[in-house]
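Participant: build me a model from this:
(2 chains)
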Amino acid sequence: MDIQSKTDRYTPHGVQRQIPRNSLILIMLAQAAVVIPHIDQLSFWIIILGLACACWRWMIFLDRWHFPPWWLKAALIFGSAAIILITEGVQHRLETWTSFLIVAFALKLIETKSRRDAYAVLFLACFVIATEFIYKQTILISLYQSIALILVVAAMVGMNQFHTDVNIVSAIKTAGKLLAQAIPLMLVLFLFFPRITPFWSVPTASTARTGLSSAMTPGDVAQLTRSDEIAFRAVFDGPPPSTEDLYWRGLVFSNYLQGTWSVGSFPFSQRTLKRIDWTDDDIISPFRPDVKGLRKISYQILQEPTDKIWQFGIDLAIPRDGDNGLTWDFRLISKKPMSTLTRYSIDSYPGAVLDKTLPRWSRKRETTLPLQDNPRIVAYAKEQYKNAASDQAFIEQILQAIREQNFRYTLRPPVLARNNSIDQFWFDTQAGFCMHYAGALTYMLRAVDIPARIVGGYQGGEINPVTGHVIVRQYLAHAWVEAWIPEKGWLRFDPTAAIAPERIEQGFDAAITDDDRDTLSVFTNARLGKMLLAARMMYLFESLEHRWNMFVVGYDAKRQSNTLQRILGDVTPLRVALVLLIGGGISFALAGLSLLLLRKKKTVHPVIKLFVQFTNDLSKKGVTRKPHESPMQFIRRICTNKNLNEAQFKPVIDRLRANLYNPESTFNKFELNTLRKELTQLKQMLLSA
Amino acid sequence: MSSVNFNSSDLVSDRNLFSQRFRKWLDRRIPPQRKIFLTQRNVFIFPSKTGLAFFVLLAILLFGAINYQNALIYGITFLLASLFLVTIIHTYKSLAGLTLEFVSSRSGFVDENIEFQVKVSQENSGAHAGIQLGWPTGIKQWAHLNHSDSDTVHLFVPAKSRGWMNPGRLLVETFYPLGLLRAWTWIDFGVKTLVYPKPLFQDPIKKTAVDAEQGEVTRHDGNDDFYEMRSYQEGDPIKHIAWRNYARSDELIVKQFAGHQEVQVILDWDQLNGDVENRLSRLTGMALIASRSNQEFGLQLPAVTIAPNSGPAHLDQILTELALYGHSK
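Facilitator: So this is what the prediction gives:
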């Protein structure tokens, strides 16, 4: 005989190649579970397609419909691909790939016949879970995905049992147990597996993420929607500075055109542009402002993914890592767009002089204005400048004007025209938010040839009382003005502090009116309001999320080497191997233990238990049942020995006999209780006789 | 002894050599026995095809984790990898600890499925699931151990040729719980069963003339007339038992009927032409017809002569001779 001809010779008639029905339910549950988090990124038609495929598969499951013919499948596949390519374009974008993935997932549903198809679907499901982690890495998503993964594994469990043995609940339980047993090993792998630098660049998510943008047209904004999403968290080595000093510099807006402020470029060649302080680049002269003798504030920032390169720090921020650098206008930028949570360390030197002497390119860039835009404010500025003693006095004069005139701070400003928008704001509407005021001030300064620019970033931050870190949310986005004063360098002027000083001094909530509160979410209002318990709960959860970010999501190569040194002291291959063995050992021990515990407890029928108890009690009094005796013979023998009339015990003997031997007898609690009473009676009578 | 032919001609010779060596090794490792307890000595385990695909999935996920520098993708990759490793124990334990015992087999004809019964039992229920067993040429069956400690599995193996049939080694395997690993074993129960030639019903039964009127009462288990009562012997037809008598006396009594022998049939090899197998098939068909019509018949083979008789034991004897014609017994 031929042993080599193994499984492929088993072309069995159906059974084992088909998907057990309950497994199919699990597969569909798992599929739904892994797709749901993606729904906000999917086009409407993909959702409809998915639902339609699920319905179709369900009808096949119920034996009402057939599998679709090949031409329909082909049409669906090519049609979907065409629609994706037309609507999303041929781009190397993560969203496009996700759309393809989900469509394939949906279409595979109506094609899933064999176990192999089912496994293809389940492996795809693991892939979809991983893809979701590119978009979101919160603790809640991770918990949710763990449940989704349990469903995926449960579907696998169901695939390897006989149809009728597949039980949805017990498959889910088994899957949960298996995953739980895998966790110790997974933890050591997570801690110890070397973090390698990326092999190639990958498509990043380009969904609209809340955050700052590189261009801003304040006149277009009718209502500034302020999200309470977290922009970043800062962990200070010492106590954090007070709120009014927390000016997180992010962007520098130098160009103005048609009502739009945008980030300016550097007039250098590409090579000189590189003279950002990348530590691993061949730098000719690293840009390092002089910070000798200045007070240093050290902190770490955990920035939520933005897909942008802008990072945030307090002036003057010098990066401590090699993955980011300082630009010539003192911005922090990352080497790569930050598509995941990014952690960076910064030393800040408040009071450092920025640009003691102003480079020519900078003077040119920061004094340029469009030729004919906003003539009224230019004239106004020139007029005011005549009366000013110095540049700084001039700025003070304008801030005074903002304070004294009828200006209003609002998140719902009137819409302005593209042309002469600053004139319109300053002289007509007189209502706006930080960007309006910063724009007007910068414009006026440039009108009188004082180098000035708008700095965008965040202002303030709340301290989480649980862990003590500073949380900066999107609604703290802010814009202020930087003007260059000879010898003093770039100085910060915040016109918003003039119009709404409480915005800066006491934080964001002090400045907003009840009207503005409508633009905020329920959660923000709860946190800002007086709901103390809710606020405390939210801070607790926020601190959990922060720790999750610190220790799990932010676990990178650097963090890894620190942790390994802390755990192992000296990181030698032997010690790493040892810890891996321990982790693996725990997992295997758990698995072994669970299998040992599976040893089914032999359940004894309660009637047998009762009778055994009865004989035990009797044997203590010297009456022992012989091994060969049936219960009835035993009772009969005692009766004869003790000269009792056996007939009076007939009811109890009958009941015992029925419950022990008659498979058709009705057994219930009442029967059991009656029997217990009767046996006790019998015992007493037998013993007393 | 090997009467089961596999279509192994497509296999290259070194593979045959390998399979021969493997068989020898297997014979030493798992010697033939009627009852076998599965331990680490006789259970093999290796990633299944699905498991190998799973490695590809893990590799892709790992690449994703590295390229996106995403701790959570690292996390799910390691979780799945650990899951795979943990599953090794579960898959192994799903098979190890089972006891397999050969119960019985039945004889049959060529091109029929021959039934073998194998009892699968477990000591502690719960750990064993998804057990499938089958002979390489047969159909795999599941053992159901969910609700009981043992299950007798009926396995069917198609009979390809007449004579003694050894189904070979029985494959017992499981992919439980995740299908990523396959634990299996090859068991040799060392059993054989008889396969009769495929019957061909094309020849009329040639009767040797015996006058029906003068026919003696030659048989005592016929159907025609009541003859006598005697106590039950194994093999007596159940419908001949005198049930009323049994109800009264607790003793099994069989009614004997007298069959009047009308014809006597000799199934003669020499009166047929054609090749060996064809002749044997036709003789088999004739024997079955004769037996069905309750005739007394004998067999005349080149080397064997069996006197006319009837009854199941006689049919069995004849069929055995036909099955083993040209084979050593």
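Participant: for B:Val304, which non-adjacent residue is spatially closest?
Facilitator: Spatial nearest neighbour of B:Val304, chain neighbours left out: B:Glu321 (5.3 Å); criterion: CB to CB, 6 or more residues apart in numbering or on different chains. Glycine gets a C-beta too; all of them are placed from N, C-alpha and C.
Participant: by average pLDDT, which secondary structure element in the chain comes out worst?
Facilitator: By default, I'm working from chain A. The helix or strand of chain A with the poorest confidence is helix A:270-273; it has a mean of 43 (mean pLDDT, DSSP states H and E).
Participant: you looked at the wrong chain, it should be chain B
Facilitator: In chain B, no helix or strand scores lower on mean pLDDT, DSSP H and E than strand B:217-219, which sits at a mean of 48.
Participant: so the closest residue to B:Asn113 other than its chain neighbours: helix, strand or coil?
Facilitator: Distance criterion CB to CB, 6+ apart; nearest residue to B:Asn113, sequence neighbours excluded, is B:Phe156 at 3.7 Å. Each residue gets one of three states, and B:Phe156 gets strand by DSSP: H, G, I helix; E, B strand; the rest coil.
Participant: and B:Phe156, what's its pLDDT?
Facilitator: Note for B:Phe156: predicted pLDDT of 89.
Participant: need the contact list for it.
Facilitator: When contacts are counted by CB atoms under 8 Å, 6 or more residues apart in numbering or on different chains, B:Phe156 touches B:Asn113, B:Ile114, B:Glu115, B:Phe116, B:Gly138, B:Ile139.
Participant: ditto for B:Val118
Facilitator: By CB under 8 Å, 6+ apart, the neighbours of B:Val118 are B:Leu100, B:Glu101, B:Phe102, B:Val103, B:Leu133, B:Thr152, B:Val153, B:Leu155, B:Leu170, B:Phe189.
Participant: in CSV, list those residues along with neighbour count, secondary structure and distance to A:Glu671.
Facilitator: As requested, the contacts of B:Val118 are exported to CSV (neighbours: other CB atoms under 10 Å in any protein chain shown; DSSP: H, G, I helix; E, B strand; the rest coil; distance: CB to CB, whole Å):
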residue, neighbour count, secondary structure, distance to A:Glu671
B:Leu100, 23, strand, 40
B:Glu101, 17, strand, 38
B:Phe102, 19, strand, 43
B:Val103, 13, strand, 38
B:Leu133, 23, strand, 42
B:Thr152, 14, strand, 33
B:Val153, 22, strand, 37
B:Leu155, 20, strand, 43
B:Leu170, 24, strand, 46
B:Phe189, 22, coil, 46
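Participant: what is the nearest of these to A:Ser262?
Facilitator: B:Leu133 (73.4 Å; CB to CB).
Participant: how many residues are close by the residue lying closest to that closest one once chain neighbours are set aside?
Facilitator: Spatially, and ignoring its direct neighbours in sequence, B:Leu133 is nearest to B:Val172 (4.5 Å; CB to CB, 6+ apart). By the measure other CB atoms under 10 Å in any protein chain shown, the count of residues near B:Val172 is 26.
Participant: pretty sure B:Val172 contacts B:Gly130?
Facilitator: No - the criterion here is CB atoms under 8 Å, and B:Val172 misses it with B:Gly130 at 11.4 Å.
Participant: let me see the domain layout of chain A.
Facilitator: Domains of chain A are assigned by automatic domain parsing as A:15-166, A:215-533, A:606-688.
Participant: brain fart, chain B
Facilitator: The record assigns chain B these domain ranges, following automatic domain parsing: B:8-47+B:94-196, B:197-215+B:262-329, B:219-260.
Participant: how far away from the center of its chain is the longest one?
Facilitator: So the one you mean is domain B:8-47+B:94-196. 11 Å (CA atoms, centre = their mean, to the nearest Å).
Participant: and the residue in the stretch 151-300 of chain B positioned nearest to chain A, which of the three is it?
Facilitator: Using CB to the nearest CB, B:Gly168 is the residue of the stretch 151-300 of chain B that sits closest to chain A, at 3.6 Å. Secondary structure assignment for B:Gly168 (three-state DSSP): coil.
Participant: please enumerate the helices of chain B.
Facilitator: Remark: helices assigned in chain B by DSSP state H are B:13-29, B:49-68, B:71-95, B:243-249, B:276-292, B:312-323.
Participant: so what does the third one touch, helix or strand wise?
Facilitator: Using 3 or more CB pairs under 8 Å, 6 or more residues apart in numbering or on different chains; DSSP states H and E as the contact test, the elements touching helix B:71-95 are helix A:115-135, helix A:139-159, helix A:168-192, helix A:573-597, strand B:44-47, helix B:49-68, strand B:170-174, strand B:181-187.
Participant: chain A versus B:Ser121, what's the distance?
Facilitator: 13 Å (CB to the nearest CB, to the nearest Å).
Participant: which residue is the nearest non-sequential neighbour of that residue?
Facilitator: B:Ser150 (3.5 Å).
Participant: tally of neighbours for that neighbour?
Facilitator: B:Ser150: 15 surrounding residues under other CB under 10 Å.
Participant: ok, now B:Ile318?
Facilitator: B:Ile318 has 26 neighbours, counted by other CB under 10 Å.
Participant: now do the contacts for it.
Facilitator: Taking CB under 8 Å, 6+ apart, we find B:Ile318 in contact with B:Leu267, B:Ala287, B:Phe297, B:Leu299, B:Ile306.
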